[in-house]
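**Q** the following comprises the amino acid sequence and a computationally predicted model.
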Amino acid sequence: MSLPFHANGPDKLTRPGGEPIRALVVDDEPSLADLMRMGLELAGWEIAVAHDGQAALKTARSFHPDVVVLDVMMPGMDGVELLGRLRTIYPEIPALFLTAKDAVADRLTGLHAGGDDYVTKPFSMEEVLLRLHRIVQRAGVTASNSAELAVGDLVLNRDTREVSRAGTEIALTSTEFELLQFLMENPRHVLSKTRILDRVWDYDFGGQSNIVELYISYLRKKIDADREPMIHTVRGAGYVVKPCT
């Protein structure tokens, strides 16, 4: 992991009130966790560090993190189990997984478990910071100047991160929100799985795009449940959102 950051790195982010972004870093390698803490503190973030799952849960309750950075392979409680338990406390908290594994299947495992992004060791601190910036912006941790999107009776507010259909509020995870936002920014336009991966996950999965199908199914269960469908599959081409006729 390299330090310091280059001058052309990401701009400093803050919470809407001007407070620093809070990140909880969990890794059983103290030296790596300390380097991560130093790097993020240089970027103006407020950091708490834990070296195992139980300590992380205790710290999270008092620290109230905006995002968590989790090592997947830890003794006892691994990162995947820890994220599940953290989300019983903070249901919408976004997460970045760190791992020594570099196989596509392992990346997908982390994302299927609810991770918002995935970085393999060894990594540069600049890459981690760039990915964390994207995650917290997608999750609505920082202030946004974006306006409201509407397609038919489906409404998405990028400022408040609220979604509703026919006046009924719909709760979405940060990744579901980002996917729906991309679809609604392009109503009636078919978006390929490759474009969706590039925009929503910013990842190359070596042609394995089943993560897109998975999250489209999640959205359909929430957006189209017991209603006329708005999210459509165009066989061999991708997905499109359009108002009901």
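**A** Now that the structure is in, tell me what you want to look at.
**Q** residues contacting residue 136?
**A** Shown in contact with residue 136 (Cβ atoms under 8 Å, 6 or more residues apart in numbering): 13, 21, 66-67, 94, 142. Every residue, glycine included, has its C-beta placed from N, CA and C.
**Q** between those, which is nearest residue 227?
**A** Taking Cβ to Cβ as the measure, residue 227 sits nearest to residue 94 out of the contacts of residue 136, at 28.0 Å.
**Q** for the closest one, give me its contacts.
**A** 66-68, 116, 135-136, 138-139, 141, 174.
**Q** so can I have a markdown table of those showing distance to residue 45, pLDDT and secondary structure?
**A** Compiled in a markdown table, the contacts of residue 94 are given as follows (distance: Cβ to Cβ, whole Å; pLDDT from 0 to 100; DSSP: H, G, I helix; E, B strand; the rest coil):
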| residue | distance to residue 45 | pLDDT | secondary structure |
| --- | --- | --- | --- |
| 66 | 9 | 91 | coil |
| 67 | 9 | 94 | strand |
| 68 | 13 | 96 | strand |
| 116 | 16 | 84 | coil |
| 135 | 12 | 86 | helix |
| 136 | 10 | 84 | helix |
| 138 | 17 | 74 | helix |
| 139 | 14 | 74 | coil |
| 141 | 11 | 73 | coil |
| 174 | 18 | 89 | helix |
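**Q** tabulate these (JSON lines), appending distance to residue 239.
**A** Formatted as JSON lines, those follow (distance: Cβ to Cβ, whole Å):
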{"residue": "66", "distance to residue 239": "30"}
{"residue": "67", "distance to residue 239": "28"}
{"residue": "68", "distance to residue 239": "29"}
{"residue": "116", "distance to residue 239": "20"}
{"residue": "135", "distance to residue 239": "23"}
{"residue": "136", "distance to residue 239": "26"}
{"residue": "138", "distance to residue 239": "19"}
{"residue": "139", "distance to residue 239": "22"}
{"residue": "141", "distance to residue 239": "27"}
{"residue": "174", "distance to residue 239": "19"}
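**Q** lowest-confidence helix or strand of this structure?
**A** helix 104-112 (a mean of 65; mean pLDDT, DSSP states H and E).
**Q** re the thing from before, quick one: which of the contacts of residue 94 is most hemmed in?
**A** Within the contacts of residue 94, most neighbours by other Cβ atoms under 10 Å means residue 68, with 28 neighbours.
**Q** for residue 31, see how far away it is.
**A** 20 Å (Cβ to Cβ, to the nearest Å).
**Q** so where do the helices sit in the protein?
**A** 30-42, 53-63, 79-89, 104-112, 125-138, 174-185, 193-196, 210-223 (DSSP state H).
**Q** for residue 243, which of those helices is the nearest?
**A** For the helices of the chain, proximity to residue 243 was assessed by Cβ to Cβ; helix 174-185 is nearest, at 10.7 Å.
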